[in-house]
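1. Structural data only, the sequence is not supplied:
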C-alpha cells in the first residue's frame, strides 16, 4: 500500500505561483509514474500533468502548458504552478500508477492505483 501526501497548496492572487509537492509515506515514488489531477466544486476530477517512471517524459493538459511544470526531486514529485488564474482554483491530487508506455494513458483516473487526499489551491482575481 502506498500512501501519498500532497502539500504546498494555498491562497494566491491571479498571476501568482505555488509549488505543490507529492510524497509517499512509506515507499518511494521512484517506482511509479505520477500524475496530478484537480477537482473544482461541482466538477469532475480533471487531469493536469503526468511524469514517467524515470522522469524523462512529461505530459500536460493543454490548459496548463507553459504555466505548470511537473518534475521529480529525489523521492518527491513536484508541480510548479505559475501564472495562476481563478479557473485554476481546485483541490489538487497526486496519484501513482504502475502503468508504463504512452503517457497519454495517464490522463485517465482508472490507470492509477494510489491517491492522496488533496491540497487546496485558491486563486483570487
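-> Now that the structure is in, tell me what you want to look at. Note that the coordinates shown come from a computational prediction; the quantities given were computed from them, not determined experimentally.
2. Flag the shaky bits of the chain, pLDDT-wise.
-> Along the chain, segments meeting pLDDT under 70 span 26-27.
3. one more time with 90, if that's ok
-> Flagging of the chain using pLDDT under 90 yields the residue ranges 1-2, 25-31, 53-56, 74-75, 99-103.
4. if I pick the residue nearest to residue 17 when sequence neighbours are not counted, what's in contact with it?
-> Once flanking residues are discounted, residue 17 sits nearest to residue 82: 4.6 Å by C-beta to C-beta, 6 or more residues apart in numbering. To be clear about C-beta, it is placed using only N, CA and C from the backbone, and glycine gets the same treatment. Neighbouring residues of residue 82 by C-beta atoms under 8 Å, 6 or more residues apart in numbering: 17, 67-69.
5. Restricted to buried residues, select those residues in ChimeraX.
-> Here is the ChimeraX command that selects only those of the contacts of residue 82 that count as buried (16 or more other C-beta atoms under 10 Å):
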select :68,69
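6. Count the residues that sit near residue 109.
-> Residue 109 sits with 16 neighbouring residues when counted by other C-beta atoms under 10 Å.
7. if I read this right, it contacts residue 45, doesn't it?
-> Yes - because the distance of 6.1 Å satisfies C-beta atoms under 8 Å, residue 109 is recorded as touching residue 45.
8. what about stretch 64-82, how long is it end to end?
-> Distance across stretch 64-82, first residue to last, is 9 Å (C-alpha to C-alpha, to the nearest Å).
9. next one: that stretch to chain centre, how far?
-> How far stretch 64-82 lies from its chain's middle: 8 Å, per C-alpha atoms, centre = their mean, to the nearest Å.
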